[in-house]
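Trainee: The following block contains a protein sequence and its predicted model.
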Amino acid sequence: MGSPARRLTNPITRCWAPSPYGYAGTDDGRGTGQSACTKRLTLMRVRLGSRRPVTGGGLREEVSARRSAGAAWDHAAVGAPELKTKRLRLSRPVTTDSSGVFAILADPRTAEHNPSDRLEDRGEASELVERWVRHWEEHGFGYWCVRESGSNRIIGYAGVKWMPMHGRTVLNLVYRFLPEVWGRGFASEAAAAIVSRVLDEMPEEVIVARVRPDNRPSQNVALKAGLQRDATMDCQGEDGLDLAYTSRDVN
């Protein structure tokens, strides 16, 4: 799970990703939240205060510095440990959620469009959830585990994480659910609530959902959540081309 970042050899804009992690609408957060789409052959970081792209380490220290200065994503509403919708309860992940997450990502149907996201064993799920927990601790927000109201069973996960993309800071939107609850509108309900909350509390940030070209249901979720198709943010991901849907005004 700690494999180093690798180069994707496609000559167009590249997505750097800690191998073998995938993307959004699909990015499951198995990386540290630092993957990027960039034309440079260097893993780029963004200096949080100025948004200038920089190379090398220091991301955690820079995030901590911005958080202590009142970073936008430190807002109590965005980083609330629980978010409720009409039918769903989104909760900040804890380590014991790994079994539920494994049930989602071990199913080949869930990772059909992003096979690099599929988990092979429960140990991988534990490491994944630990990364989600650390992301909350370091950034003050992250992915939530999703349950139906009145139930303790995890049926999905959704949320946003900070990442550099095309030389700027964006919030990467994710939503993924068990196949048995597909078709009930849960992904759209969760994604819409997250996008609405982020736009209300962090209007200066750009939300991006990256979706594979043949994953029409995920594209529809992004549109229903209020995002727009934004070809300027497309990039090559771990499993091929990722189409971008963003909160930017692209008209």
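Mentor: Good, I have the coordinates.
Trainee: Ends of stretch 161-175, what's the gap?
Mentor: 12 Å (C-alpha to C-alpha, to the nearest Å).
Trainee: try stretch 109-122
Mentor: 18 Å.
Trainee: now do stretch 137-152
Mentor: So stretch 137-152: terminal residues 23 Å apart, C-alpha to C-alpha.
Trainee: With stretch 195-210 instead?
Mentor: Start-to-end, stretch 195-210 (C-alpha to C-alpha) is 14 Å.
Trainee: what does stretch 206-217 give?
Mentor: Terminal-residue distance, stretch 206-217 (C-alpha to C-alpha): 22 Å.
Trainee: Quick one: mean pLDDT for it?
Mentor: The predicted model assigns stretch 206-217 a mean pLDDT of 97.
Trainee: ok, now stretch 180-188?
Mentor: pLDDT averaged over stretch 180-188 gives 98.
Trainee: again with stretch 155-167
Mentor: Mean predicted lDDT for stretch 155-167 stands at 92.
Trainee: Equivalent analysis for stretch 114-132, please.
Mentor: 96.
Trainee: Sort out which residues of that stretch are buried, please.
Mentor: 114, 116, 117, 118, 119, 124, 125, 126, 128, 129, 131, 132 (16 or more other C-beta atoms under 10 Å). The C-beta positions use only the backbone N, C-alpha and C, and glycine is treated the same way.
Trainee: Could you do stretch 236-249 as well?
Mentor: Applying 16+ other C-beta under 10 Å to stretch 236-249 flags 236, 237, 238, 239, 241, 242, 243, 244, 245, 246, 247, 248 as buried.
Trainee: Which of these sits closest to residue 193?
Mentor: Among the buried residues of stretch 236-249, residue 247 lies closest to residue 193 (C-beta to C-beta), at 14.3 Å.
Trainee: pLDDT value on that closest one, please?
Mentor: Residue 247 is given a pLDDT of 97.
Trainee: Pull up the gap between it and residue 224, please.
Mentor: Noted for residue 247: a distance of 13 Å to residue 224, by C-beta to C-beta, to the nearest Å.
Trainee: and what of residue 215?
Mentor: 14 Å.
Trainee: Residue 129 too?
Mentor: 27 Å.
Trainee: which ones are touching residue 154?
Mentor: 97, 100, 101, 103, 104, 145, 146, 147 (C-beta atoms under 8 Å, 6 or more residues apart in numbering).
Trainee: quick one: which of those residues is most hemmed in?
Mentor: residue 146 (28 neighbours; other C-beta atoms under 10 Å).
Trainee: May I have the secondary structure class of that residue?
Mentor: For residue 146, the assignment made with DSSP: H, G, I helix; E, B strand; the rest coil gives strand.
Trainee: Residue 122 contacts residue 98, correct?
Mentor: Yes: in this structure, residue 122 is within contact of residue 98 by C-beta atoms under 8 Å, at 6.7 Å.
Trainee: and residue 99, which of the three is it?
Mentor: Per three-state DSSP, residue 99 ends up helix.
Trainee: and it, how many residues sit next to it?
Mentor: Neighbours of residue 99 (other C-beta under 10 Å): 12.
Trainee: do the same with residue 232
Mentor: 10.
Trainee: Next: residue 222.
Mentor: Residues near residue 222, counting by other C-beta under 10 Å: 29.
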